[in-house]
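Asker: model the structure of this input:
(2 chains)
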Number of protein chains: 2
Amino acid sequence: MTRDDLTTRLSSLVGDAGLITEADRMSGYLTDWRHAYAGSAAAVVRPASTAEVAAVVRLCREAGVAVVPQGGNTGLCGGSMPDSSGRQVVLSLDRMRRIRGVDPVNQTITVEAGVILQSVQEVAAAEGCLFPLSLGAEGSCTIGGNLSTNAGGTGVLRYGNMRDLTLGLEVVLPDGRIWNGLRGLRKDNTGYDLKHLFIGAEGTLGVITAAVLKLFPAVRSRATAWVALPSPQAAVDLIGLVRALCGDRLTGFEILSRQSLDFVLRHRAGSRDLLGAVHPWYVLVELSDTLPGAGLDGLLETALAEAFDRAVASDAVVASGPAQVAALWALREGISEAQNFEGPSLKHDVTVPVSSIAAFVEQTDRALRAAVPGIRIVTYGHIGDGNLHYNLSKPVGSDDDAFRARAEELARVVYDSTSSFDGSISAEHGLGQSKRDVIATYKDATELDLMRGIKGLFDPGSLMNPGKVLPHA
Amino acid sequence: MTRDDLTTRLSSLVGDAGLITEADRMSGYLTDWRHAYAGSAAAVVRPASTAEVAAVVRLCREAGVAVVPQGGNTGLCGGSMPDSSGRQVVLSLDRMRRIRGVDPVNQTITVEAGVILQSVQEVAAAEGCLFPLSLGAEGSCTIGGNLSTNAGGTGVLRYGNMRDLTLGLEVVLPDGRIWNGLRGLRKDNTGYDLKHLFIGAEGTLGVITAAVLKLFPAVRSRATAWVALPSPQAAVDLIGLVRALCGDRLTGFEILSRQSLDFVLRHRAGSRDLLGAVHPWYVLVELSDTLPGAGLDGLLETALAEAFDRAVASDAVVASGPAQVAALWALREGISEAQNFEGPSLKHDVTVPVSSIAAFVEQTDRALRAAVPGIRIVTYGHIGDGNLHYNLSKPVGSDDDAFRARAEELARVVYDSTSSFDGSISAEHGLGQSKRDVIATYKDATELDLMRGIKGLFDPGSLMNPGKVLPHA
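Answerer: Next comes the predicted model:
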């Protein structure tokens, strides 16, 4: 089938509004938001319904054309970028934005894949409920992408990952069949749990078109503290202390190194350090409660007093109101952007058991400094989940390209260290194309073999997002 | 291979302590605790390590002998019973009882499959933590069985099913390879999530030998009320009301019909109704908190006062102390046993969306009473999860066998009604052998097809717990 034949037939399936073939109009779909990846495509198809998605997938299969599903295009590993052949079709879910239903009694919401995460949060809030997934890209990332990458973020400590927030899925399979697994049930034990195969599969086993998500009681009280600490071990000790005194009111625990804070203070207008002295590490601690007036400030102050007594914290301030809370979170969330002003930023997203964090940071820092004297290590992340973003900036005054050229070598340093603590080299970003091959070094051969078997079972022609997730054999 | 050759070789793998071949010593493994299912076996093998499990599976594969994994043998659907051929081997995990590690900092516990659920609860409590899975059989059921059936119980409302409590697995695959997925990570997105395939697969895809489970902050305050209500709809309204006023302190919400309570009062020594009048429905409401002295009795009383105002509750009592709490839970947990005194008990375990409960009960009761005038419907369960145990007793004075003979017909009545509300015909008991065929009527053909494909991929020889879960084609 020629490209013209293909686009003519695609157009007959999705109409003019659903098809883009002009290079300039396709360009937004063919590079990611960081411009770290770029691809090319025969067409961008934007079906408006599950039936249209199925028809597109069937047609592409018949034509032997690979399909690359795409959500909000906010990924960090190139998982939704087509290759450079110009023969693949990008299947964007951005016209599937319907909220199919909200059921506050059942505590569920049913949404299509193209719905923006923030919309789900807002619809839930309007019903007096919480949808707890929260991450930097929430204003533009989509539920389909959140599902396909099993998104994490800052709410995982209390509410889990996207996987844990999902009850049911609707999926268009690589052969064009529709699997209707859109069940809103809290308990269902009638065979193999297929939804968990599609969640986190980055579109390689099918196209998620809709989901039933869990809702939770709304949060009505919150307290936030900014705490300076001497070391990562102190941060780990502080988690245990806060958990012992505050129980499951502990809902956020984010760490950042002084290096991370320095970059934000330097590059983000209006940011300031609330504590006078310089400290090596900081954490943002958040307590929350589903009851109003829950006395969380007092509870947090009690916990911090105990932390001072045990020399686990060096200094701290409890945020005095919403503006200060926002300012503190802006420090945490400004790191990634601020780091871009300091030259190339080599990003890594890893997890280790929380109990190994201190030893892991010590070992990894030592290895990195041995490899690149003067390297600036920008460590921050969701330490309550054992998840650190271990990002690297070049030594002051050194060459950008020389540093960039060592990206793979330095990634290996971080991953080898992660692996030595039984960690994961991708905590919440997935594998996409960037970690597709390196994973072969770190993952058990049996597990890789089972993954390949599943891929072959679901997508024998390898036309569903090929070149992602699975390492070349 | 003759039976003698097989047992000789099995003995060389697991030693005398690990092999049972005498009929009388095997009998405990060859019938379930209710004596509802019975099978026969060439041998019962009891490996003491993962390596031994793998060796046994490899040998049986080589000999073309089917393996039936078995945990605490407390299942309700015959999932761990061998067939009657006498050629299958029961692989009991009851010697794999090691707690491999507890990590309170990481909030995880690593245990072998044969560990009793209650032991995990106790070890967690000794570390100041909670392992929240709780169900009637907890004193004898095992973690491997809990995983293989994705066990539910009374803690699901707040903490989820066994699936939600699991971070990692170790599994012996049908070909004897060991998959080491024993990771204790809160975030890990490096490919397809295999653990969720094995959880709930009832041993048909491999033998789970160990798991890393999540721990939670210990519960330090609790309040329990016994509430009389006019209808299932009132119970659903009450959930919403309690959730609105008590947020996520709502951790238990169990319903029972007056018929259920009557049976318990009649047959369980020492049981008594705390409320004077007769009411059609009751719920047990539990609030809990991870802080001590959390004022939960007062919070619960406020919610109940509101419930009276809105005519959602007819009468209620807040338990005055641990003895009364235990007495209330004994009413709820005594139902299944009490029902046995009233003749055959036809059990069904279904879920519908919580918002459909009232309409579902009305429709199902009407259909059952039309089919069997005078039938006694013993409805109870975890209504907060939409999960009802819809059990049936014969009309007073009628014949046992005549009632038993209608089991399949009446199951269809319950399942048809469940299905019309997009529910599940097995909420927490699995399919085993008893629902293996009927599921074909209610499950989407595409889903069944994918399930069969996965079974074929993992176990092409169909030697791993054959005849369970998957309907005959």
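
Asker: okay but residue A:259 is in contact with residue A:376, surely?
Answerer: Yes: checked against Cβ atoms under 8 Å, the pair residue A:259 and residue A:376 is within contact range at 5.7 Å. C-beta here means a position set from N, CA and C on the backbone, and glycine is covered the same way.

Asker: for the closest residue to chain B within the stretch 101-250 of chain A, which residues are in contact?
Answerer: Evaluated by Cβ to the nearest Cβ, the stretch 101-250 of chain A has residue A:247 as its residue closest to chain B, separated by 2.5 Å. With contacts defined as Cβ atoms under 8 Å, 6 or more residues apart in numbering or on different chains, residue A:247 is in contact with B:217, B:218, B:220, B:289, B:290, B:291.

Asker: am I right that it is in a helix?
Answerer: Yes: counting by DSSP: H, G, I helix; E, B strand; the rest coil, residue A:247 is part of a helix.

Asker: thinking again about what came up before, can you redo the contacts of residue A:247 as a markdown table with neighbour count, pLDDT and secondary structure?
Answerer: Formatted as a markdown table, the entries for these read as follows, by neighbours: other Cβ atoms under 10 Å in any protein chain shown; pLDDT from 0 to 100; DSSP: H, G, I helix; E, B strand; the rest coil:
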| residue | neighbour count | pLDDT | secondary structure |
| --- | --- | --- | --- |
| B:217 | 20 | 96 | strand |
| B:218 | 18 | 96 | coil |
| B:220 | 15 | 96 | coil |
| B:289 | 23 | 97 | strand |
| B:290 | 21 | 96 | coil |
| B:291 | 17 | 96 | coil |
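
Asker: export those to a markdown table and tack on distance to chain A?
Answerer: Below are the contacts of residue A:247 laid out as a markdown table (distance: Cβ to the nearest Cβ, whole Å):
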| residue | distance to chain A |
| --- | --- |
| B:217 | 4 |
| B:218 | 8 |
| B:220 | 7 |
| B:289 | 7 |
| B:290 | 2 |
| B:291 | 5 |
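
Asker: okay if I get these as TSV plus distance to residue B:138?
Answerer: What follows is the contacts of residue A:247, written out as TSV (distance: Cβ to Cβ, whole Å):
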residue	distance to residue B:138
B:217	20
B:218	17
B:220	21
B:289	22
B:290	21
B:291	25
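
Asker: between those residues, which sits nearest residue A:337?
Answerer: Comparing the contacts of residue A:247 against residue A:337 with Cβ to Cβ places residue B:217 closest, at 34.7 Å.

Asker: my guess is the closest one contacts residue A:248. True?
Answerer: Yes: under the contact definition of Cβ under 8 Å, residue B:217 touches residue A:248, with a separation of 5.1 Å.

Asker: which neighbours do those two have in common?
Answerer: With contacts taken as Cβ under 8 Å, 6+ apart, residue B:217 and residue A:248 have residue B:290 as neighbours in common.

Asker: what's the distance between residue A:100 and chain B?
Answerer: 13 Å (Cβ to the nearest Cβ, to the nearest Å).

Asker: go ahead and confirm residue A:335 touches residue A:380.
Answerer: Yes: in terms of Cβ under 8 Å, residue A:335 counts as a neighbour of residue A:380; the distance is 5.3 Å.

Asker: joint contacts of the two?
Answerer: A:256, A:260, A:389, A:391.

Asker: residue ranges of the helices in the stretch 201-350 of chain A, please?
Answerer: Counting by DSSP state H, counting those that start in this stretch, residue ranges of the helices within the stretch 201-350 of chain A are A:232-246, A:258-267, A:296-309, A:322-333, A:335-339.

Asker: and the stretch 51-200 of chain A, which residues reach chain B?
Answerer: Near chain B, the residues belonging to the stretch 51-200 of chain A are A:103-108, A:128, A:149-150, A:152, A:156-157, A:160-161, A:163-164, A:173, A:177-181, A:183-194, A:196-197, A:199-200 when assessed by Cβ under 8 Å from any Cβ of the partner chain.

Asker: give me the subset of the residues you listed lying in strands.
Answerer: A:103, A:108, A:178, A:179, A:180, A:181 (DSSP state E).

Asker: residues contacting residue A:384?
Answerer: Taking Cβ under 8 Å, 6+ apart as the contact definition, residue A:384 lies against A:156, A:157, A:239, A:250, A:252, A:253, A:254, A:354, B:186.

Asker: now tabulate those residues in TSV and tack on pLDDT and distance to residue A:311.
Answerer: Formatted as TSV, these follow (pLDDT from 0 to 100; distance: Cβ to Cβ, whole Å):
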residue	pLDDT	distance to residue A:311
A:156	93	29
A:157	93	24
A:239	97	16
A:250	97	20
A:252	95	23
A:253	97	19
A:254	96	21
A:354	97	20
B:186	96	27
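
Asker: and which of these is nearest residue A:447?
Answerer: Top of the list for closeness to residue A:447, among those and by Cβ to Cβ, is residue B:186 at 18.8 Å.

Asker: quick one, what contacts the closest residue to the closest one other than its chain neighbours?
Answerer: In space, and not counting its chain neighbours, residue B:186 is closest to residue A:385: 3.9 Å by Cβ to Cβ, 6 or more residues apart in numbering or on different chains. Contact partners of residue A:385, counting by Cβ under 8 Å, 6+ apart, are A:152, A:156, A:157, A:351, A:354, A:427, B:186, B:187.

Asker: how near is the last one to chain A?
Answerer: Spelled out, that is residue B:187. As judged by Cβ to the nearest Cβ, residue B:187 and chain A stand 4 Å apart.

Asker: and the pLDDT at the closest residue in space to that residue that isn't next to it in sequence?
Answerer: Spatial nearest neighbour of residue B:187, chain neighbours left out: residue A:427 (4.0 Å); criterion: Cβ to Cβ, 6+ apart. pLDDT recorded at residue A:427 is 94.

Asker: show me where pLDDT drops low in chain A?
Answerer: Low-confidence segments of chain A, defined by pLDDT under 70, span residues A:473.

Asker: outline the domain layout of it.
Answerer: As assigned by automatic domain parsing, chain A contains the domains A:3-92, A:99-217, A:221-336, A:342-424.

Asker: for the stretch 351-473 of chain A, what lies in contact range of chain B?
Answerer: Contacts of the stretch 351-473 of chain A with chain B, taken as Cβ under 8 Å from any Cβ, map to A:351-356, A:382, A:384-387, A:422-431, A:435, A:439, A:442-444, A:446-448, A:450-451, A:453-454, A:457-458, A:469-470.

Asker: restricted to helices, list these.
Answerer: Where those overlap with helices, as defined by DSSP state H, the overlap consists of A:439, A:442, A:446, A:447, A:448, A:450, A:451, A:453, A:454, A:457, A:458.

Asker: in what element of secondary structure is the nearest residue to the second one once chain neighbours are set aside found?
Answerer: It stands for residue A:442. Leaving aside its sequence neighbours, residue A:442 sits nearest to residue A:419 (Cβ to Cβ, 6+ apart; 5.1 Å). Per DSSP states H and E, residue A:419 falls inside helix A:407-420.

Asker: helices or strands up against that helix?
Answerer: Helices and strands touching helix A:407-420, by 3 or more Cβ pairs under 8 Å, 6 or more residues apart in numbering or on different chains; DSSP states H and E, are strand A:345-346, strand A:349-351, helix A:357-371, helix A:439-442.

Asker: that helix vs helix A:357-371, what angle?
Answerer: Going by axes from the mean of the first three to the mean of the last three Cα atoms, to 10 degrees, helix A:407-420 is angled at 150 degrees with respect to helix A:357-371.

Asker: ok now helix A:407-420, how far from the chain's centre?
Answerer: Using Cα atoms, centre = their mean, to the nearest Å, the mean C-alpha position of helix A:407-420 is found 20 Å from that of the whole chain.
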